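Asks: let me see the structure of the following:
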Amino acid sequence: MLKKLELTFHNQGLRSYIELDLCTECPRQDDKGCCGYYSPVFYPCDFAYLLQYKPEVLDYIFSLDNLTILDASVTVNSRPEGQSYRCSFHSNTGGCLLPQALRESVCRHFVCPGVAWEKEDKLAHWKDFFTALADYEIELNNRIAGILKEKGLSLREEKRREEFLAELLILFEQETAITAPFLAECPPWEKHTLFRELQYGTDWPL
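Replies: Numbers count the residues shown, from 1 in each chain. Below is the predicted model:
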């Protein structure tokens, strides 16, 4: 079945994301799609954004009981369900409980491979943008994490977690005071229409 898809790219700097209208009727038809195969991992850039705009979400994350907490990252482990899992932020009636900007980078950038938007020549500028963004965010996360480690701060130490986050926010603001040039190379948003042959159930690749 050939289906018309709408793909919208949002350039919001480090919180940029890709929106696909197919998600609301996922071809997997299992009420969770890609959210049944991934546990979100939050890194320094995510913590900084949440601290600035939605600290209650960060408090909620740390209140969850199935976390993997490392020195500078937190994995919200998915719950076993049937033959796969379900992300702790995913509702079987309304999808992700977090708005796009609050999600970590994989959840903001991921589009199922069946859509294969990266192969479209007309979208080459967005492919370059999100590749550069992923590299930039990894480098920034690693740099901030390294400095925090040198200062003897770690998320593993619950009693010093507030100190860790306060110092992280200072470092983030220092490291991002100058905007990366590539962030100005794409418009604030851009919508494109694609046509794809859909397969249903497990035949639809994730």
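Asks: could you measure from Pro44 over to Phe110?
Replies: Noted for Pro44: a distance of 20 Å to Phe110, by CB to CB, to the nearest Å. Every residue, glycine included, has its C-beta placed from N, CA and C.
Asks: of the two, which one has the most company?
Replies: For Pro44 and Phe110, the more surrounded residue by other CB atoms under 10 Å is Pro44, and the numbers stand at 26 against 16.
Asks: buried stuff in the longest helix that the chain contains?
Replies: What stands out as the longest helix in the chain, according to DSSP state H, is helix 124-150. Using 16 or more other CB atoms under 10 Å as the test for burial, helix 124-150 gives 126, 129-130, 132-133, 136-137, 140-141, 144-145, 147-148.
Asks: can you name the next helix or strand after that helix?
Replies: Elements were assigned by DSSP states H and E; along the chain past helix 124-150, the next helix or strand is helix 161-175.
Asks: so Trp204 sits right up against Glu25, yeah?
Replies: No - under the criterion of CB atoms under 8 Å, Trp204 makes no contact with Glu25, lying 11.4 Å away.
Asks: so which residues of the chain form strands?
Replies: With strands called from DSSP state E, the chain shows them at 2-10, 17-20, 41-42, 67-69, 74-76, 79-81, 84-86, 90-91, 95-96, 189-197.
Asks: just put those strands in a markdown table and tack on distance to Ser154.
Replies: Compiled in a markdown table, those are given as follows (distance: least, CB to CB, whole Å):
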| stretch | distance to Ser154 |
| --- | --- |
| strand 2-10 | 33 |
| strand 17-20 | 29 |
| strand 41-42 | 15 |
| strand 67-69 | 9 |
| strand 74-76 | 12 |
| strand 79-81 | 26 |
| strand 84-86 | 27 |
| strand 90-91 | 29 |
| strand 95-96 | 29 |
| strand 189-197 | 38 |
